[in-house]
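Enquirer: when you get a sec, could you give me coordinates for this:
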Amino acid sequence: MYDLLIENARICDGTGTPSFHGCVAVKDGLIAAIGKHGGEAAAKTINADGLVLAPGFIDPHTHYDAQVAWDPLITCSSWHGITTVVMGNCGVGVAPVRPELRDILMWDLVNVEAIPFEVMQRGIDWRWESHREYLDALQQRGLGINVASLAALTPLRHYVMGEESFERAANAEEIVRMQHHLRDAINAGAFGFTSTILNNHIGYQGRPLACRNASRDELKAFCQVLREAGRGAIELALSAQTPGHMADEEYDLLKFLVTESTRPVTWLALFNRPGRPDSYLGVVEKVQPILGWDKSVPQVSCRPLRIQFNMRNPFIFAVFTTWHTVFNKSLEEQIKIYSDPGFRLAFREEMDRRRIFAGQWGRMTVLDAKSESVKAIADSKKTIGDLAKAQGKHPIDVFLDLAVADNLDVVFDIQALNSEPERPR
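Expert: Numbers count the residues shown, from 1 in each chain. Have a look, this model is predicted:
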């Protein structure tokens, strides 16, 4: 007798074959049979007529590393049918950690992922130091869905090098120590390691994330750990100086990681550039020699890259050096900076000089606000570009005026990439 029989379902088995109607039988927690009819009796039978029965969905790129400490159901992913999440991406995480460096790891996550510092302070009990102890703590607490944890290089470098990890590459002795800790993490169940060279990935006190200082010698040593283990993958956020374009140095780094580790390297990200919905094709062509499930695997999205943010944590502007002084400041200090004509002029000059972001004001709107005047702007659905034109102001002034008028509570929304549905023909 089966423990469970699901009948009359539209079955998508995850292999890529067409869906079909049938039954799935479960015994002792495992799928025992798939077919047109159940055959044997079952302790419980579910009629799934009109419903789809499919394997669980995997989200390969999340940042639940802190949240799992207080939210075992891992919401809201579990609400949407996700049954496995991969976390620890982009070189940021919460293990390993020394007690005196906990605040630094949390500020890294504030600046990269906009996770409120106060929430992490209240929610993380820090029942771990090593990555192994972190995984044990999660297991003991219990999890509502499956979690695959990647070992992030930023906390690893902090753990071994302290705050010097923000300033320099590791020496030979430090590399050996980091290898040891990474090897222990992999043996404990970590699924690989992650890093970033993305230029707006800044951490504590507005400094570049520590993993961005990792030398090729360090990366080679980390790759060797995976090569020796014969398992694991590498995740890397590329610099994205120009969306839809891959620089030679980025390709060389990907090739280096694939060659040295002999493991899959998944990288961010394959998006369409505004005005160039075919821009991704050039990237695909460039990585063709190392493209494959056992080599280089791009991360993609079929949806627009939509970013919602407020000006207390302006992580979207971390690419601009002008903004580095804004991070991790008090509300009063930030309002003073945003109101300063000198700051606005410096931002405008850097934006014009580097020719980035300038065209995105027409895709930015106000999503929500607390003050009635700024709420009215949200209700109008007008873009920052529209408002600037109507008011005869530069978009930067309109944008920062709205932020200050709402005491930095205003939430902005922007469709940054993948926002054009046209396809090349």
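Enquirer: neighbours of Leu138, just the number please.
Expert: 20 (other CB atoms under 10 Å). The way it works is simple: take the backbone N, C-alpha and C, and place the C-beta from them, glycine included.
Enquirer: that one should be in a strand, yeah?
Expert: No: for Leu138, which was evaluated using DSSP: H, G, I helix; E, B strand; the rest coil, the result is helix, with no strand membership.
Enquirer: and stretch 51-62, average pLDDT?
Expert: Averaged across stretch 51-62, the pLDDT comes to 92.
Enquirer: flag every buried residue along that stretch.
Expert: Using 16 or more other CB atoms under 10 Å as the test for burial, stretch 51-62 gives 53, 59, 61-62.
Enquirer: I figured Arg216 hits Phe256, correct?
Expert: Yes: under the criterion of CB atoms under 8 Å, Arg216 lies in contact with Phe256, with a separation of 6.8 Å.
Enquirer: how about the closest residue to Thr262 other than its chain neighbours, phi and psi?
Expert: Taking CB to CB, 6 or more residues apart in numbering as the measure, Thr262 lies nearest to Arg227, with 5.3 Å between them; neighbours along the chain are not counted. Phi and psi for Arg227, reported as degrees, to the nearest 10, are phi -60, psi -40.
Enquirer: separation between Arg227 and Ser77?
Expert: 31 Å (CB to CB, to the nearest Å).
Enquirer: between those two, which has more neighbouring residues?
Expert: Ser77 (19 against 15).
Enquirer: the more buried one: what's it in contact with?
Expert: Contact partners of Ser77, counting by CB atoms under 8 Å, 6 or more residues apart in numbering, are 59, 62, 64, 85, 145.
Enquirer: is the closest residue in space to the third one that isn't next to it in sequence in a bridge, and if so with what?
Expert: In this case it means Tyr64. Counting by CB to CB, 6+ apart, Met87 is the residue found nearest to Tyr64 once chain neighbours are left out, at 4.6 Å. Residues found in beta-bridge contact with Met87 (criterion: DSSP bridges) are Ser149.
Enquirer: one step back: for the contacts of Ser77, which one is nearest Val160?
Expert: Tyr64 (24.5 Å; CB to CB).
Enquirer: surely the closest one touches Ile82?
Expert: No: under the contact definition of CB under 8 Å, Tyr64 does not touch Ile82, with a separation of 10.5 Å.
Enquirer: Met364 versus Ile316, what's the distance?
Expert: For Ile316, the distance to Met364 - CB to CB - is 10 Å.
Enquirer: what touches both of these two?
Expert: Listed as contacting both Ile316 and Met364 by CB under 8 Å, 6+ apart are Ile414.
Enquirer: which strand or helix spans Arg177?
Expert: With the criterion set as DSSP states H and E, the secondary-structure element containing Arg177 is helix 172-188.
Enquirer: just give me how far that helix sits from the chain centre.
Expert: Shown here is helix 172-188, whose average C-alpha point lies 24 Å from the average C-alpha point of the whole chain (CA atoms, centre = their mean, to the nearest Å).
Enquirer: and that helix, what's buried?
Expert: By neighbour count, with 16+ other CB under 10 Å as the criterion, the buried positions of helix 172-188 are 174-175, 178-179, 181-186, 188.
Enquirer: give the next helix or strand downstream of it.
Expert: Moving toward the C-terminus from helix 172-188, the next element (DSSP H and E) is strand 192-196.
Enquirer: I'd like the mean pLDDT over that next one, please.
Expert: Confidence over strand 192-196 (mean pLDDT, whole number) is 98.
Enquirer: relative to that strand, what are the paired strands and their orientations?
Expert: Pairing partners of strand 192-196, with direction, according to DSSP bridges: strand 151-152 (parallel), strand 233-237 (parallel).
Enquirer: can you list contacts of it?
Expert: 88-93, 150-154, 156, 182, 185-186, 209, 211-212, 214, 219, 222, 225-226, 232-237, 263.
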